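In: the amino acid sequence is not available; the structure is as follows:
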């Protein structure tokens, strides 16, 4: 089974090439970045499934570094699925910095976001991730 490689900047399929033919990024130059940093960059990718996956993984990792970017993402995105994923991730991470936004979204968000915010708040108040 062959591995499919994607450019970490534009997410185009690049095969095993060291330079992306679409955006010109030298993939070798990005190797020193941590996995967490790459996920943080992916939060703002224009393909909407990418930020959702990145938020989920950051939540699973319990990334404290991701708390502020996830708060910003949840506060300013117009995509409800991205917002929901960011809220779920914040709940899994369990950092109190997310409380004001989670309370706001629990009151004012779209239904799916309110449900996610309610669950995240309950997890935070129980001290669980």
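Out: Great, that's in hand. It should be emphasised that the depicted structure is a prediction, and the values quoted were computed from it without experimental measurement.
In: buried residues, the longest helix anywhere in the chain. List them.
Out: Ranked by number of residues, the top helix in the chain under DSSP state H is helix 111-126. Going by neighbour count (16 or more other CB atoms under 10 Å), the buried part of helix 111-126 is 113-114, 116-121, 123-124. Backbone N, C-alpha and C define where each C-beta goes, glycine included.
In: also stretch 28-45?
Out: In stretch 28-45, counting by 16+ other CB under 10 Å, buried: 39-43, 45.
In: just the closest of those residues to residue 11, please.
Out: residue 45 (6.4 Å; CB to CB).
In: hang on, the closest one packs against residue 54?
Out: Yes. Contact criterion CB atoms under 8 Å: residue 45 and residue 54 qualify, at 7.5 Å.
In: quick check: what element follows whatever helix or strand residue 37 lives in along the chain?
Out: Element membership of residue 37 [criterion: DSSP states H and E] is helix 35-42. Once the chain leaves helix 35-42, the next helix or strand it forms, by DSSP H and E, is helix 49-61.
In: what packs against the following helix or strand past that next one?
Out: Using DSSP H and E, the helix or strand that follows helix 49-61 in sequence is helix 67-76. Here helix 67-76 touches helix 49-61, helix 80-93, helix 99-108, going by 3 or more CB pairs under 8 Å, 6 or more residues apart in numbering; DSSP states H and E.
In: make a markdown table out of those helices and add distance to residue 25.
Out: Listed next are the helices and strands packed on helix 67-76 as a markdown table, based on distance: least, CB to CB, whole Å:
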| stretch | distance to residue 25 |
| --- | --- |
| helix 49-61 | 16 |
| helix 80-93 | 23 |
| helix 99-108 | 33 |
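In: tell me which of those helices is the most buried.
Out: helix 80-93 (a mean of 25; mean count of other CB atoms under 10 Å).
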